[in-house]
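Q: Here's my sequence, what's the structure:
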Amino acid sequence: MLVIVLVLSAALAAVADKLVLKDGRKYEGTVLEETDLVIKFRTAKAVLTFKKEEIESLERGKTIVAEREERLTALKPENPAGYIEMAEWLQGPGKELFDEAMFSRLCNIAAFLDKGLACKAQLMLGRYSLSKGRKEAAAVCYFRALTADPANEEAIAKARDLKAGLDAAAKKEMTDISRALNTFLDGKTKEAIPLLRDAAKRSFSERAKEFMGMTIDELADELQSRAPCDTCKGKGKANCTPCKGTGLIPCEACDGTGIKKGAPAKPTFKQEVCRDCYHGKALLCQSCLAERTAKIHFTDSEVVAVPLQAGVEHVGFSQYINLGSWTRKKDGSKVTMIEYAPISKGGVRTCPDCRGIAYRPPTHDVDKTPIMRYRDELDSRILGKVEIDPPPESKIPYEEKWVKNKDFRYVEGEWTE
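A: Residues are numbered from 1 along each chain as shown. Here you go, the predicted model:
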């Protein structure tokens, strides 16, 4: 906490007040207090007090926070270089207030508004990403810099070095996809499904649809529908584990009795009802989102049916009764009994192993030709026969998310059009 206070104090007082006395002496520091008669002034060495009559002039400095807001507000799309200058200021004089999102926004706005600034902007972002150890993000920035200026030596060198490392990692991930596809092509459908699931987010997986006509996840879904899940026997549903298929979890507060511990020998309903399960002996299972209906009986013989949902049973009851006094809201009639119907929903949930995909006996074989074509494309890159493409998002000299809404003006702390 002390470190935060010290940093904030330094940021707020970074631009000094300047005081000049009538005898020519000059001081820089911070005005601590000012009255009609005196000014208390802190310098780097001491706190001094001066009479107003001794002072020739006082020039108040801006805090670095005020300077940042002033600089941001002055930015205009007609002057793209101003955004780069502001980004540089955040890394230099304004580093106490450095904000990564702000820095990224400024650089990308400049790159979007003026292609001549794009290379410089992306180099700045690339260096920053490298300083944080984010090699993949840095590589994207350096490739964007090359899009703007293909001859830039720094971008060429950094992109080349980073790409070599990224390519090696990508080949390893492509090998996992190729192995999953080969497992299926070898006739091992069940074994292939989990391998395909694991491979669905790896390098080059985004191009699966281009070659196979489907994503890797869609291929896994198709295979799952042809191979009955061992857990749910192909139903796509399985008994909920926490409630063992009942939809109910025994109430621990009352040990499953529905009666509050310590209730008197001849209690009223209010005195005996468990405040956790509401006399139900069990709670609806939240894992399978169980539901059921309760019937509330009142002293005047009225019976009200209340739908209940797991985790929010109290919401259903509180529509009709005051839970503190167990009386009907509209007239104060007392609750005499609560009856519970069997669960109407719950006890089962989507099977976690097959993701709820039910078995459908196949009427035709899976066409393996496009799958082999995709596998061959992967292998050609793994073996170095085809160069691995740069990241797709590096093909334009800016990051789309920072510029898509054209929020290039900073007004009262908000970015707007």
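Q: Any regions of the chain where pLDDT drops low?
A: Regions of the chain meeting the criterion pLDDT under 70 cover residues 1-15.
Q: how about a cut-off of 80?
A: Segments of the chain classed as low confidence (criterion: pLDDT under 80) are 1-16, 44, 62-65, 390-393.
Q: need the longest helix for it.
A: Of all the segments assigned as helix in the chain under DSSP state H, the longest by residue count is helix 153-185.
Q: Check which residues of that one are buried.
A: Of the residues in helix 153-185, those buried by neighbour count under the rule 16 or more other CB atoms under 10 Å are 155, 158-159, 162-163, 166-167, 170-171, 173-178, 180-184. Every residue, glycine included, has its C-beta placed from N, CA and C.
Q: Contacts only, for the closest residue to Met372 other than its chain neighbours.
A: Across the structure, with CB to CB, 6 or more residues apart in numbering as the measure, the residue nearest Met372 apart from its sequence neighbours is Leu185 (6.7 Å). Under the criterion of CB atoms under 8 Å, 6 or more residues apart in numbering, the contact partners of Leu185 comprise 368, 371-372, 375.
Q: Then Tyr410?
A: Shown in contact with Tyr410 (CB under 8 Å, 6+ apart): 72-73, 75, 416.
Q: how about a cut-off of 6 Å?
A: The neighbourhood of Tyr410, defined by CB atoms under 6 Å, 6 or more residues apart in numbering, consists of 72-73, 75.
Q: Now do the buried residues in stretch 321-333.
A: Residues of stretch 321-333 classed as buried by neighbour count (16+ other CB under 10 Å): 321, 326-328.
Q: State the pair within these that is farthest apart.
A: Trp326 and Arg328 (9.1 Å; CB to CB).
Q: what's the closest of the contacts of Leu185 to Ala139?
A: Comparing the contacts of Leu185 against Ala139 with CB to CB picks out Arg375 as the nearest, at 26.3 Å.
Q: name the element the most centrally placed residue in the chain belongs to?
A: A centroid search over the chain (CA atoms, centre = their mean) returns Ala101, at 14.4 Å, as the residue closest to the centre. Applying DSSP states H and E as the criterion places Ala101 in helix 100-113.
Q: How about that helix, which residues are buried there?
A: Along helix 100-113, these residues count as buried under the neighbour rule (16+ other CB under 10 Å): 102-113.
Q: Stretch 86-97 now?
A: Of the residues in stretch 86-97, those buried under the neighbour-count criterion (16+ other CB under 10 Å) are 86-90, 94, 97.
Q: List of residues touching that stretch?
A: Contacting residues not belonging to stretch 86-97 are listed as 11, 68, 71, 98, 103, 106-107 [CB under 6 Å, 6+ apart].
Q: Give me the distance between the two termini of it.
A: Start to finish, the residues bounding stretch 86-97 are 12 Å apart (CA to CA, to the nearest Å).
Q: do the same with stretch 19-35
A: Its first and final residues considered, stretch 19-35 spans 15 Å by CA to CA.
Q: ok, back up a step: and the buried residues of helix 100-113 as TSV, adding distance to Gly24?
A: As requested, the buried residues of helix 100-113 are exported to TSV (distance: CB to CB, whole Å):
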residue	distance to Gly24
Met102	43
Phe103	43
Ser104	48
Arg105	47
Leu106	43
Cys107	46
Asn108	50
Ile109	47
Ala110	45
Ala111	50
Phe112	52
Leu113	49
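Q: out of those residues, which one sits closest to Ala145?
A: When those are ranked by distance to Ala145 (CB to CB), Ala111 comes first, at 9.1 Å.
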